[in-house]
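Novice: Sequence first, predicted model second:
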Amino acid sequence: AQKITQTQPGMFVQEKEAVTLDCTYDTSDPSYGLFWYKQPSSGEMIFLIYQGSYDQQNATEGRYSLNFQKARKSANLVISASQLGDSAMYFCALNGVSGGSYIPTFGRGTSLIVHP
Amino acid sequence: GAVVSQHPSRVICKSGTSVKIECRSLDFQATTMFWYRQFPKQSLMLMATSNEGSKATYEQGVEKDKFLINHASLTLSTLTVTSAHPEDSSFYICSARRDRGKSPLHFGNGTRLTVT
């Protein structure tokens, strides 16, 4: 069984500052993928960043970086230089094997509010 | 690339009627599609996994006779909510993946279903 945990229901950050959104996971499969998605109030799910379990380096995409600590089973999202448009729900997801197929499991999400 | 189109974005129907939601991958072939349901301020709940040309795999607790899923081609999956009731009112969102492995999911914009 696989599990993904986001312990921060809500986070606040000042515009232009950096913020870290926590994500821990549990899986018995050595091969898996970790994703972060952003969901604005309009509802669409926007793919932000991906980290493979065998990737040697932490993933980065523009202002987004993933702090991947495999031994601790954590995959925290770091958003640098926060913008007002970053206010949204953020979901961490684990793509691991379940019943022979890769099935994504989502965390409960973290609501991020960026203050001007 | 990796655009997923979902229609309709909003639908209101009367209790007892059926509603069909379409999910199309516009610029890639989607070997696997997933259907999620999301309640307000909650995470995505996986309803079913559909692989092209085979029957959908439903998650525990999801009624397969009520939520009919068809994945007839590599670019189209449909979810039909049969004999809808007010408790079926929710946000339904599909996602598509190029393969059956660890590659990222790409989401449609979701469908807000209201059953009166």
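Specialist: Yes, it's here.

Novice: Contact partners for the closest residue to A:Glu17 other than its chain neighbours?
Specialist: Counting by Cβ to Cβ, 6 or more residues apart in numbering or on different chains, A:Glu17 lies nearest to A:Ser82, which is 5.7 Å off, once chain neighbours are set aside. Bear in mind the C-beta positions are built from the backbone N, C-alpha and C, glycine included. For A:Ser82, the contacting residues are A:13-19, A:114, by Cβ atoms under 8 Å, 6 or more residues apart in numbering or on different chains.

Novice: pLDDT on stretch B:17-27, on average?
Specialist: When pLDDT is averaged along stretch B:17-27, the result is 95.

Novice: Export that stretch to PDB, keeping only CA atoms.
Specialist: Taking Å, rounded to 0.1, in the frame of the first residue of the first chain, the C-alpha atoms of stretch B:17-27 are listed here in PDB:
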ATOM      1  CA  THR B  17     -31.400  11.500 -15.700                       C
ATOM      2  CA  SER B  18     -28.000  10.500 -17.000                       C
ATOM      3  CA  VAL B  19     -25.100  12.700 -17.700                       C
ATOM      4  CA  LYS B  20     -22.100  12.000 -19.900                       C
ATOM      5  CA  ILE B  21     -18.700  13.700 -19.400                       C
ATOM      6  CA  GLU B  22     -16.100  13.500 -22.100                       C
ATOM      7  CA  CYS B  23     -12.300  13.500 -21.600                       C
ATOM      8  CA  ARG B  24     -10.100  13.900 -24.600                       C
ATOM      9  CA  SER B  25      -6.300  14.000 -24.900                       C
ATOM     10  CA  LEU B  26      -5.700  16.500 -27.800                       C
ATOM     11  CA  ASP B  27      -2.100  16.100 -28.600                       C
END
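
Novice: quick one: that stretch near chain A?
Specialist: No: if you take Cβ under 8 Å from any Cβ of the partner chain as the test, stretch B:17-27 misses chain A, and the best it gets is 12.7 Å.

Novice: Excluding its own residues, what touches that stretch? List them.
Specialist: B:1-8, B:11, B:13, B:33, B:35, B:74-84, B:92, B:94, B:96, B:106, B:108, B:111, B:113.

Novice: Please list which of these are also close to chain A.
Specialist: Contacts with chain A within the contacts of stretch B:17-27, as defined by Cβ under 8 Å from any Cβ: B:2, B:106, B:108.

Novice: any chance you could map the strands in chain A?
Specialist: Taking DSSP state E, the strands of chain A run over residues A:3-5, A:10-14, A:19-21, A:24-26, A:33-39, A:46-52, A:60-61, A:64-69, A:74-79, A:88-98, A:101-106, A:110-115.

Novice: Where among those is average confidence lowest?
Specialist: It's strand A:101-106: among the strands of chain A, that one has the lowest mean pLDDT, namely a mean of 86.
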